[in-house]
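Novice: sequence and predicted structure are below.
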Amino acid sequence: MTTINHTKYAILGLLTVGCRSGYSIKQMIDGSLNHFWKVSYGQIYPTLKQLVDEGLATVEQTTQDGKPDKKEYNITPKGQIALQEWIQTPLKEIPTEKNELLLKLFFGNHQSDSTIHDHLAQYLQKLLERYNTYDSIEQMIHKNLLDQSGAKFWLITLDYGKRTTQASIEWCENTMKKIKNVQEEKG
């Protein structure tokens, strides 16, 4: 069974929203996609080369004064079709989330309650920071990008992130209370 290179389609999709260089693709990934789809900087240029080699994108080199030449990429009609076909393909599975905190909690009997509490407190802080980031992104979209054709879909994916983060915040707070209650019952 052939595995699908979803990163290829992520980059094809980014070519449709005005990202034309590896740098602008990286900026968009860092500001949006990385919240739900991880793409390393090292994947971008090999994937762009693959897209060009497969005829899914074109590349034009532009000379810049005092700077290295700039490569600008554009999606081709063949690339548009490939992106559409991928988007329309049914999901095969729900991915399993890798979560270091849950892994450590699973083996919690090998650590002190104070260590567990510290891990949960740090995790909660990171979740709150993530939620605030999502709030800022939502405000930015409403203020600056609402007229973009993809804005409603950006807001839908953002809503997913906000809701799952809020659920994780609630879980974390409840777990901290449970551990505290167990400590008080022991004590």
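Specialist: Yep, that arrived. Numbers count the residues shown, from 1 in each chain.
Novice: pLDDT value on T2, please?
Specialist: pLDDT for T2: 67.
Novice: where exactly do the helices run in this structure?
Specialist: 6-15, 22-31, 41-53, 77-88, 100-106, 113-140, 151-186 (DSSP state H).
Novice: give me the mean pLDDT for the last one.
Specialist: The average pLDDT within helix 151-186 is 91.
Novice: that one vs helix 113-140, what angle?
Specialist: Counting by axes from the mean of the first three to the mean of the last three C-alpha atoms, to 10 degrees, helix 151-186 lies at 160 degrees to helix 113-140.
Novice: again with the third one
Specialist: Here the directions of helix 41-53 and helix 113-140 differ by 40 degrees (the same axes, to 10 degrees).
Novice: I'd like to know which elements helix 41-53 is packed against.
Specialist: helix 6-15, helix 22-31, strand 57-64, strand 67-75 (3 or more C-beta pairs under 8 Å, 6 or more residues apart in numbering; DSSP states H and E). (Glycine included, C-beta is placed from N, CA and C.)
Novice: closest one to K70 among the helices of the chain?
Specialist: helix 22-31 (8.5 Å; C-beta to C-beta).
Novice: tell me which of the helices of the chain is the most buried.
Specialist: Highest mean neighbour count of the helices of the chain: helix 6-15, a mean of 21 (counted as mean count of other C-beta atoms under 10 Å).
Novice: could you dump it to PDB, C-alpha only?
Specialist: The C-alpha coordinates for helix 6-15 follow below in PDB (Å, rounded to 0.1, in the frame of the first residue of the first chain):
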ATOM      1  CA  HIS A   6       0.200  14.800   2.600                       C
ATOM      2  CA  THR A   7       2.900  17.500   2.900                       C
ATOM      3  CA  LYS A   8       3.000  17.600  -0.900                       C
ATOM      4  CA  TYR A   9      -0.700  18.500  -0.900                       C
ATOM      5  CA  ALA A  10      -0.200  21.000   2.000                       C
ATOM      6  CA  ILE A  11       2.400  22.800  -0.100                       C
ATOM      7  CA  LEU A  12       0.300  22.600  -3.300                       C
ATOM      8  CA  GLY A  13      -2.600  24.200  -1.300                       C
ATOM      9  CA  LEU A  14      -0.300  27.000   0.000                       C
ATOM     10  CA  LEU A  15       0.600  27.800  -3.600                       C
END
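Novice: which residues touch it?
Specialist: 25, 28-29, 33, 37, 39, 43-44, 47-48, 50-51, 56-57, 73-75, 79, 82-83, 86-87 (C-beta atoms under 8 Å, 6 or more residues apart in numbering).
Novice: try stretch 22-30
Specialist: 10-11, 14-15, 17-19, 39, 41, 44-45, 48, 71, 73.
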